[in-house]
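Participant: Let's see this in three dimensions:
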Amino acid sequence: MAAKTDIKQDIKQSKPFEHTSAEAIVALLRTADEIKRRLSEVTSQLDITPQQYNVLRILRGAGKEGLPTLEIGKRMIERSPGITRLIDRMEKKRLVQRKRSGSDRRCIPCFITQKGLDVLDQLERPILKLQSNIEAHMSTAELSKLIDLLDEMRK
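Facilitator: Here you go, the predicted structure:
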């Protein structure tokens with residue numbers, strides 16, 4: 001196992017943080033950036049971004065009903081004001097498709113395509129490996145506690 005380092009060592013900061021909350025924020029942001037970078041390395045192998053991966057998972061979970069663009073945006077982990085452009089790019093890659101509703105012409109639900117499902121299938125093993133790497137460093141109890149603490153922080 002790697003030697004333990006704290007956030008001050010990681011960012012090469014010599015002075016102590018003024019507040020523990022500032023240190024917690026920096027540690028959280030640095031950790032999120034590291035995980036996002038690793039996820040990006042995995043998803044880029046199939047020419048998609050972590051945000052596109054998130055959209056594909058959301059649409060797979062929505063099933064045959066699909067979801068309107070704004071609802072997808074609300075469900076995303078990293079909310080993006082450019083959700084329409086993101087969906088446009090995914091549609092060009094034929095990962096998703098939009099179908100106008102017969103009953104409500106204003107609502108245009110998005111659906112995952114077979115190609116999108118295939119991409120998710122291909123990413124399953126590398127994503128599980130990424131998750132296993134996290135689980136190798138933290139127990140289930142520690143991960144559950146972390147989830148609780150993060151939920152509390154978001155309040």
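
Participant: wait, what's in contact with residue 138?
Facilitator: residue 146 (C-beta atoms under 8 Å, 6 or more residues apart in numbering). For glycine as for every other residue, the C-beta is placed from the backbone atoms N, C-alpha and C.

Participant: Now do the SS call for it.
Facilitator: Classification of residue 138 using DSSP: H, G, I helix; E, B strand; the rest coil returns coil.

Participant: Report the backbone C-alpha coordinates of the lengthiest helix in the chain in PDB.
Facilitator: Identified as the longest helix of the chain according to DSSP state H is helix 20-43. The C-alpha coordinates for helix 20-43 follow below in PDB (Å, rounded to 0.1, in the frame of the first residue of the first chain):
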ATOM      1  CA  THR A  20     -10.400  22.700   8.900                       C
ATOM      2  CA  SER A  21     -13.400  23.300   6.500                       C
ATOM      3  CA  ALA A  22     -11.000  24.900   4.000                       C
ATOM      4  CA  GLU A  23      -8.700  21.900   4.200                       C
ATOM      5  CA  ALA A  24     -11.800  19.600   3.800                       C
ATOM      6  CA  ILE A  25     -12.900  21.500   0.700                       C
ATOM      7  CA  VAL A  26      -9.400  21.300  -0.900                       C
ATOM      8  CA  ALA A  27      -9.100  17.600  -0.100                       C
ATOM      9  CA  LEU A  28     -12.600  16.900  -1.500                       C
ATOM     10  CA  LEU A  29     -11.900  18.900  -4.700                       C
ATOM     11  CA  ARG A  30      -8.500  17.300  -5.200                       C
ATOM     12  CA  THR A  31     -10.000  13.800  -4.700                       C
ATOM     13  CA  ALA A  32     -12.900  14.500  -7.000                       C
ATOM     14  CA  ASP A  33     -10.400  15.700  -9.700                       C
ATOM     15  CA  GLU A  34      -8.300  12.600  -9.300                       C
ATOM     16  CA  ILE A  35     -11.300  10.300  -9.700                       C
ATOM     17  CA  LYS A  36     -12.700  12.300 -12.600                       C
ATOM     18  CA  ARG A  37      -9.300  12.100 -14.300                       C
ATOM     19  CA  ARG A  38      -9.200   8.300 -13.900                       C
ATOM     20  CA  LEU A  39     -12.800   8.000 -15.200                       C
ATOM     21  CA  SER A  40     -11.900  10.200 -18.200                       C
ATOM     22  CA  GLU A  41      -9.000   7.900 -19.000                       C
ATOM     23  CA  VAL A  42     -11.400   4.900 -19.100                       C
ATOM     24  CA  THR A  43     -14.200   6.600 -21.100                       C
END
